[in-house]
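[1] Here is my input; please provide its structure:
(2 chains)
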Amino acid sequence: MGKLLAVVKREYFERVKSPWFLAGTFLGPVLFGVITILPAVLAMKQETSKGLTNIVILDASGAEIGARVRSALSGGVQSSDSTSVVLQALPQAELAAAESLVTKEVVANTRTGYLVIDSTVVGGGKVRYAGRNAASERDMDIVRAAVRQAVLSTRLTAAGLDPLKVQALTASRTEVSTEKLDERGRGGSGIGSIIFGYLIAFLLYMMIALYGQTIMRGVLDEKMTRVAEVIIASVKPDTLLAGKVIGVGGVGVTQQLIWIALGWAMITFRAPLLSAMGLPDVPVSLPSVSAGAIALLLLFYILGFTFYASLFAATGSMVSNQEDIQQASLPVTMLLVFSIIFMQPILMQPESSLSRVMTMLPFSAPVLMPLRMATTQVPAWELAVSLGGMALACFGAIWLAARIYRVGLLMYGKRPSFVEVLKWVRQAS
Amino acid sequence: MSEPAVSIRNVRKAYDGHVAVRDLSLTVMPGMVYGLLGPNGAGKTTTIRMILDIILPDTGSITLLGKPHTDVATLDRLGYLPEERGLYKKMVVRDVLRFLGSLKGLSGAELDRRIDQWLDRLSLRSEAKDWGKSKVDELSRGMQQKVQFIGTLLHDPEIVILDEPFSGLDPINAQALKDTVVDLKTRGKTVLFSTHLMDNAERLCDAVCIIAKGEKVLDGRVSDVKAAHASRTVAIAVDGGTDVTAREILADRTLVEEADDQNTFFEARLAPGADAQALLARLVQRGVQLRRFELVQPSLHQIFLDKVGATGVERGMSGHG
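    Residues are numbered from 1 along each chain as shown, chains lettered A, B, ... in the order given. Here you go, the predicted model:
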């Protein structure tokens, strides 16, 4: 026990003390944020700037619906920026000609789109929108709301209500916020939990890959400097292996805890921070994560890390130089990368049989199950199978790795073949 | 009599059809300096690694201080210096030593005190410079070997096992190592070391085991081994000029089986049944100017050559070095 602790302490403190850990811990989130958040921000920026500006309303209703739509789109007041939404009131007969003209403008990219309000609309006819942003659900929501509001107030006015009163009554824009709800209760906004799940899965993948390879390089380094022989004259190879997995895994947990603390601080003190920078406070809806969910995530990380770290350590013990290690570790890396390929399909269809199988297979479960858990309610038995399978796979991986490790640590020279490695396993047991 | 420090019984180890160690048995009594001798590839390192439970023997048993060698607590009473030496290059020397000490069950102030003591003793720490605070790769090779040596002895082990300890040492460090071995012995520790350098072994060891091709050739106390091979070898020194006559006499195969001619010095092994007295009489009779005529105990090197044969020499053996 004391020896295990000595190994754990060395593995842990030598890494946490290194400047690379500090750099990774504090620059990592910045880089990660830039990679993941920036495209989203850019996309959103694009959406608002291009979205509902520069559109034409062709109004043949003869009942000022177009003007009302325009005012609703500009936020209730007559916009001073008359180029953003152009109103063109015209008789029904000229509608077709005007429409084909605007269509050309949209094709030529001088207009974003146009709205056609014909004379039947007040009586219950349809309003049509055509444009480059017609696929944007967000834009169309706004158009729909504006048209409904305009049609309603036109009818109310026609029914004899005071126009000012109608304006005041219909101008309120009620937004519907969405929230995911399941047997466990509230799960935060739908889109929020997908992004959250994606982040978690990617983070788990990164941590397992990064720290798994850290162990692999550590083992090779001990072998290359020949310090390994001194160590295993004092410590059983199994203890050394366990110490490495715990020590390096602990570095990963430390890093994650720092990130969680940083994230918490950012959200808690966001308002003063933003106002200090002169930016308006934007509400962020974060999925509420229970302590149970965090514990479960940690369990997935620990099991997944142990599985991959053991295999990576065994790989490190098989080779004798830096050149061979990339190639030798390919099978293990492939196994891990393989799970990343399935992230998209699982996000799209979390209940498909492919998703269910992939989240129960021990080698892909540590990354994919947390992802699926964020998007859907996973049955308890599937969770149990997933965790149980991973635990079993961990035992298998440790058993195998300890045997390869014990023999490999003292083997120098050319990279062993698969058959030779099998011989080692037999030899050590 | 107390229990053997190291006892190996009928141990065998084979790799892929090649037998590294074949039915080897040896006993090292406590307080002894024991040499495991043999040419390269004889199985010395494999034997040592099996003692330390780094490699599992195919058959046979090994005990340390009366307990099975797989006992973890017993391993703490051992100090081991492997042939291929190395340390964590990027670690601070003191941290490396703390780590090695803690692997042997040391901790806290006691560990630090011992590290200081050793750093002082091997002059790695002085008023001017404390190498303990430097990283390992900032040290010279000689200094790194000292650090490794400290790591081996930090926990004051009862049994010290050194694999080819003299390889790669400069004369000053080699002398320091010999002094340390003597010091360990006077403090009642057991030292087992392997070497292919017979001169070192002859001077340092109380007992030896010579192995070749994985098999024991002979073992026992050095004095016993020598006594068993004694009085068949004569050291002869002559004055220059008359050596032609001396060579004629030494070429007589009824008297001398083999003579090692070193110009004015000969080491002659008597032929079976021949008598040293007769050889002396012949030399005096023919007027050879003798400066020395002595029945000598053969060197371990000579015994080794007799036992293993010249093929062992060609395959990487060096007698004097």
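[2] Please give the element, helix or strand, for B:A268.
    Per DSSP states H and E, B:A268 falls inside strand B:265-270.
[3] Quick one: mean pLDDT for that strand?
    Mean per-residue pLDDT for strand B:265-270: 83.
[4] That strand: which residues count as buried?
    Neighbour-count burial for strand B:265-270 flags B:266-270 (criterion: 16 or more other C-beta atoms under 10 Å in any protein chain shown). For glycine as for every other residue, the C-beta is placed from the backbone atoms N, C-alpha and C.
[5] Chain A contacts on the stretch 1-150 of chain B?
    Residues of the stretch 1-150 of chain B lying near chain A by C-beta under 8 Å from any C-beta of the partner chain: B:16, B:49, B:52, B:54-56, B:72, B:75-76, B:78, B:80-82, B:84-91, B:95, B:99-100, B:102-105, B:107, B:148.
[6] of those, buried ones?
    The neighbour-count test (16+ other C-beta under 10 Å) marks B:49, B:52, B:54-55, B:75-76, B:78, B:80-82, B:84-89, B:91, B:95, B:99-100, B:102-105, B:148 as buried among the residues of the stretch 1-150 of chain B next to chain A.
[7] follow-up on the earlier one: looking at the buried residues of strand B:265-270, which one is closest to B:K189?
    Nearest to B:K189 among the buried residues of strand B:265-270: B:E267, at 35.3 Å, using C-beta to C-beta.
[8] thinking B:L250 is in contact with B:D260, fair?
    No: using C-beta atoms under 8 Å, B:L250 is not in contact with B:D260; the gap is 9.8 Å.
[9] Tell me which of these two has more neighbours.
    Counted by other C-beta atoms under 10 Å in any protein chain shown, B:L250 and B:D260 do not tie: B:L250 has more neighbours, with 23 against 13.
[10] need the contact list for that one.
    B:L250 makes contact with B:236, B:256, B:259, B:261, B:266, B:268 under the criterion C-beta atoms under 8 Å, 6 or more residues apart in numbering or on different chains.
[11] Which members of the residues of the stretch 1-150 of chain B next to chain A are positioned in strands?
    Cross-referencing the residues of the stretch 1-150 of chain B next to chain A against strands under DSSP state E gives B:78, B:80-81.
[12] from those residues, which is closest to A:V102?
    Using C-beta to C-beta, B:Y80 comes nearest to A:V102 of these, at 87.9 Å.
[13] Nearest to chain A among the ones in strands among the residues of the stretch 1-150 of chain B next to chain A?
    B:Y80 (4.2 Å; C-beta to the nearest C-beta).
[14] Identify the residue nearest that closest one in space, chain neighbours excluded?
    Sequence neighbours aside, A:A233 is the residue nearest to B:Y80 in space, at 4.2 Å (criterion: C-beta to C-beta, 6 or more residues apart in numbering or on different chains).
[15] was I right about the one you found contacting B:L75?
    Yes: counting by C-beta under 8 Å, A:A233 touches B:L75, with 7.2 Å between them.
[16] Within the helices and strands, which one has B:T245?
    For B:T245, the enclosing helix or strand under DSSP H and E is helix B:243-250.
[17] Please disregard the earlier target; I meant B:F166.
    Here B:F166 is assigned to no helix or strand, by DSSP H and E.
[18] Quick check: it vs chain A, distance?
    Distance, B:F166 to chain A, using C-beta to the nearest C-beta, to the nearest Å: 17 Å.
[19] Please tell me how far B:G188 sits from chain A.
    Noted for B:G188: a distance of 22 Å to chain A, by C-beta to the nearest C-beta.
[20] Run through the residues that contact that residue.
    B:G188 touches B:30-31, counting by C-beta under 8 Å, 6+ apart.
[21] rerun at 6 Å
    Contact analysis of B:G188 by C-beta atoms under 6 Å, 6 or more residues apart in numbering or on different chains lists B:G31.
[22] my read is it is in a helix, agree?
    No: secondary structure of B:G188 (DSSP: H, G, I helix; E, B strand; the rest coil): coil, not part of a helix.
[23] in chain B, what residue is nearest chain A?
    When distances are taken as C-beta to the nearest C-beta, chain B reaches nearest to chain A at B:G86, 3.4 Å away.
[24] pLDDT score for the closest residue to that residue other than its chain neighbours?
    Counting by C-beta to C-beta, 6+ apart, the nearest residue to B:G86 once its immediate chain neighbours are dropped is A:R226, at 3.4 Å. At A:R226, the pLDDT value in this model is 87.
[25] Next, count neighbours for A:R226.
    By the measure other C-beta under 10 Å, the count of residues near A:R226 is 17.
[26] for A:V143, what are its contacts?
    Contacts of A:V143 by C-beta under 6 Å, 6+ apart are A:Y129.
[27] picking up where we left off before, do I have it right that the residue nearest to B:G86 meets B:E83?
    No: using C-beta atoms under 6 Å, A:R226 is not in contact with B:E83, being 9.0 Å away.
[28] Could you dump the buried residues of strand B:265-270 into CSV and include distance to chain A?
    Converted to CSV, those look like this (distance: C-beta to the nearest C-beta, whole Å):
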residue, distance to chain A
B:F266, 45
B:E267, 40
B:A268, 45
B:R269, 41
B:L270, 46
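[29] can you redo these as JSON lines with distance to B:K189?
    Shown next, in JSON lines, are these (distance: C-beta to C-beta, whole Å):
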{"residue": "B:F266", "distance to B:K189": "41"}
{"residue": "B:E267", "distance to B:K189": "35"}
{"residue": "B:A268", "distance to B:K189": "40"}
{"residue": "B:R269", "distance to B:K189": "37"}
{"residue": "B:L270", "distance to B:K189": "40"}
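[30] contacting residues around stretch A:304-318?
    Residues from elsewhere that reach stretch A:304-318, judged by C-beta under 6 Å, 6+ apart: A:208, A:212, A:215-216, A:219-220, A:241, A:245, A:249, A:328-329, A:332, A:366, A:393-394, A:397-398, A:401, A:404-405, A:408-409, A:416.
[31] Tell me what B:L270 is bridged to.
    Assessed by DSSP bridges, B:L270 has beta-bridge partners B:V256.
[32] With adjacent residues omitted, what lies nearest to B:S61?
    B:R9 (4.9 Å).
[33] Check which helix or strand that neighbour maps to.
    If you go by DSSP H and E, B:R9 is part of strand B:6-15.
[34] which other helices and strands contact that strand?
    strand B:18-28, strand B:59-64 (3 or more C-beta pairs under 6 Å, 6 or more residues apart in numbering or on different chains; DSSP states H and E).
[35] Please identify the buried residues of the shortest one?
    Residues of strand B:59-64 classed as buried: B:60, B:62-64 (neighbour count, 16+ other C-beta under 10 Å).
[36] how about those residues in a markdown table, adding pLDDT?
    Putting these into a markdown table (pLDDT from 0 to 100) gives the following:
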| residue | pLDDT |
| --- | --- |
| B:G60 | 92 |
| B:I62 | 94 |
| B:T63 | 93 |
| B:L64 | 93 |
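[37] hmm, back to that, tell me, what's touching A:A233 and B:L75 both at once?
    Shared contacts of A:A233 and B:L75 (C-beta under 6 Å, 6+ apart): none.
[38] closest point of chain A to chain B, which residue?
    Nearest residue of chain A to chain B, counting by C-beta to the nearest C-beta: A:R226, 3.4 Å away.
[39] Now stretch A:235-249 - C-alpha only, CSV.
    In CSV, the C-alpha atoms belonging to stretch A:235-249 read as follows (Å, rounded to 0.1, in the frame of the first residue of the first chain):
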residue,chain,number,x,y,z
VAL,A,235,7.5,-2.9,-6.6
LYS,A,236,5.5,-5.6,-8.3
PRO,A,237,4.7,-4.6,-11.9
ASP,A,238,1.0,-4.8,-11.1
THR,A,239,1.4,-2.3,-8.3
LEU,A,240,3.5,0.0,-10.6
LEU,A,241,0.9,-0.2,-13.3
ALA,A,242,-1.9,0.5,-10.8
GLY,A,243,0.0,3.4,-9.4
LYS,A,244,0.5,4.9,-12.8
VAL,A,245,-3.2,4.6,-13.7
ILE,A,246,-4.3,6.1,-10.5
GLY,A,247,-1.7,8.9,-10.4
VAL,A,248,-2.1,10.0,-14.0
GLY,A,249,-5.9,9.5,-13.8
